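>>> Sharing a model prediction with you, sequence too.
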There are 2 protein chains.
Amino acid sequence: MQICRTIKDIRTFVAKCKAEGQTVGLVPTMGYFHQGHLSLMREAKKSCHRVVVSLFVNPLQFGPREDLAQYPRDFERDSAMAEEVGVDAIFVPPDREMYPEGFCTHVEVTGITDKLCGLSRPGHFLGVTTVVAKLFNIVAPDKAFFGQKDAQQAMVIRRMAADLNMGLEIVVLPIIREEDGLAMSSRNVYLDRDQRRNATVLYRSLCAFREAVDRGEKDAESLRRSITEMIASTPGADIDYVEILSVPNLEPVVLLQGRVMAALAVRFGGTRLIDNIIVEV
Amino acid sequence: MQICRTIKDIRTFVAKCKAEGQTVGLVPTMGYFHQGHLSLMREAKKSCHRVVVSLFVNPLQFGPREDLAQYPRDFERDSAMAEEVGVDAIFVPPDREMYPEGFCTHVEVTGITDKLCGLSRPGHFLGVTTVVAKLFNIVAPDKAFFGQKDAQQAMVIRRMAADLNMGLEIVVLPIIREEDGLAMSSRNVYLDRDQRRNATVLYRSLCAFREAVDRGEKDAESLRRSITEMIASTPGADIDYVEILSVPNLEPVVLLQGRVMAALAVRFGGTRLIDNIIVEV
């Protein structure tokens, strides 16, 4: 497995793959891998000849009071895990390689970014779309792989790739969960034992939502209130948002119809967790 | 010469060129060709195997009270001229092909866009960078060719291409002028006979600027005032801006040093003309 720290190096690697007629899959990550990341890499490996993983904790997508400095990092462990699942190259640039002196260009998706995480993390998606546009241009992959846990991010990136004619396929793969249902996240390591146990309410509340929908409940506000009450009654849970929105345009929903997503963000102590579920009515 | 009206068609054309190992040059235009456009096409032809010209009057870069509807168009004449200089394909998409229903992504360069034309045409460069990013992604050229007449545009596009790692070469070519010095522009056809004659003051004022610099004048404000006075005393000339700024960062200049640009925008009747000159001190 090749480790590339410069844009020039990863471009050389990809150019060589393409010259040999190979397809390239990209898995953009911020590192600190868990089974969710590995599932993306495995799937990329299945459908592309070569897999490039980018590992970059992108300062542009963190707010001034967010956890950029504390974000967990362990490159030795990450690169061993990536090699184990057959990744061909890791692109791990320093900040200055991605944002040199004088950098002043941004890619922005409007509309679907002004709700959910876009509302509670102003500027977050501007940072995501900008760095992902750069990674797409640097690696020029045939396919790029994202997790459904960051559902809004996946929709925003699909929108960007389509609107700017980026000419690659965006593949979105299911959420990978711990045995007790908690969605895997690099931020789960921040949770203490009580928080970790209480955090299972997130998935339980989404399952209860799905069951209510299966039973025929269609009133979005009533469904939203049920999720909210279940979480609010859990010790230490501080709700950022609970929303029920249409997919893929994230429009408000009154009566459930078609594809609908329940999405939530909840803090436990300083740790903000997100989760979601999509139902079809 | 091939005429492509869809993204799919131009991509097929370019893919075929690349499969044959040919390099591709792109000349993005809004049509109504003059010798300035043709010089870009000829230069592209010299340094690339194949030349694609895009012809798209981009609604996104026109303000609500600008001349989008009146912008001159003559596709028959344009395609004959392009064929004459050896262009291989024209990409001439309808608006809906470039901006389908629901389009909501923009590329923005900040800093160097908040002065000169960016100040008098709010949103103009956002429209330019967005459409050019799309064209670069659609055509994936090895080189793209722009005219120095739109000096700020060329700098903004260079910045965008570098910041987003677009991996192509931006070539900027000299202003082509009429015999009396007026910079060629599709908008020159709007001028009546008096305006056309009076508009020559733009280049004359820039030549006077260069001569003053050659004589040793270094005071930017005094030089700026000389240009302004020369234009202001011309019948029908309505100054939008006259600025003296550093190149390429467009910073304010007090005493001329290094590469410096005098840039101006002046209206004659409803017609807004721009011109510029770069000196090295």
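Received the coordinates, thanks.

>>> near chain B at all, stretch A:138-149?
Yes - judged by Cβ under 8 Å from any Cβ of the partner chain, stretch A:138-149 and chain B are in contact via A:138, A:140. Bear in mind the C-beta positions are built from the backbone N, C-alpha and C, glycine included.

>>> Now do the buried residues in that stretch.
For stretch A:138-149, a neighbour-count test (16 or more other Cβ atoms under 10 Å in any protein chain shown) marks A:138-149 as buried.

>>> Of the residues you listed, just say which sits nearest to B:Val53.
A:Ala140 (23.9 Å; Cβ to Cβ).

>>> Please name the nearest non-neighbouring residue to that closest one.
Once flanking residues are discounted, A:Ala140 sits nearest to A:Val14: 6.3 Å by Cβ to Cβ, 6 or more residues apart in numbering or on different chains.

>>> if I look at that neighbour, how far off is chain B?
11 Å (Cβ to the nearest Cβ, to the nearest Å).

>>> Over to A:Lys218?
From A:Lys218 over to chain B (counting by Cβ to the nearest Cβ), the distance is 26 Å.

>>> Surely that residue touches A:Leu256?
Yes - counting by Cβ atoms under 8 Å, A:Leu256 is a contact partner of A:Lys218 at 4.5 Å.

>>> Name the residue in the two with the higher neighbour count.
A:Leu256 (21 against 15; other Cβ atoms under 10 Å in any protein chain shown).

>>> quick one, what contacts the more buried one?
A:213, A:217-220, A:223, A:244, A:279, A:281 (Cβ atoms under 8 Å, 6 or more residues apart in numbering or on different chains).

>>> Of all pairs in the residues you listed, which one is the farthest apart?
A:Asp219 and A:Val279 (13.7 Å).

>>> how about the helices of chain A, start to end?
A:7-19, A:35-47, A:75-84, A:95-98, A:117-120, A:124-139, A:151-163, A:193-198, A:201-214, A:220-232 (DSSP state H).

>>> weakest of the ones you listed in terms of mean pLDDT?
Lowest mean pLDDT within those: helix A:117-120, at a mean of 93.

>>> which residues touch that one?
A:112, A:124-125, A:152-153, A:240-241, A:265, A:274.

>>> which one of these sits closest to chain B?
Comparing the contacts of helix A:117-120 against chain B with Cβ to the nearest Cβ places A:Ile112 closest, at 7.3 Å.

>>> and the closest residue to the closest one other than its chain neighbours, what is it in contact with?
Nearest residue to A:Ile112, sequence neighbours excluded (Cβ to Cβ, 6+ apart): A:Leu250, at 4.7 Å. Counting by Cβ under 8 Å, 6+ apart, A:Leu250 touches A:112, A:115-116, A:152, A:155, A:261.

>>> Same question for A:Pro59.
Here A:Pro59 is in contact with A:68, A:95, A:99, A:127 (Cβ under 8 Å, 6+ apart).

>>> mind checking pLDDT for it?
For A:Pro59, the predicted pLDDT is 97.

>>> What distance do you get for it to B:Arg159?
20 Å (Cβ to Cβ, to the nearest Å).

>>> A:Asp219 and A:Val279: which has the busier surroundings?
Neighbour count, other Cβ under 10 Å: between A:Asp219 and A:Val279, A:Val279 has more, with 19 against 14.

>>> Quick check: beta-bridge partners of that one?
A:Val260 (DSSP bridges).
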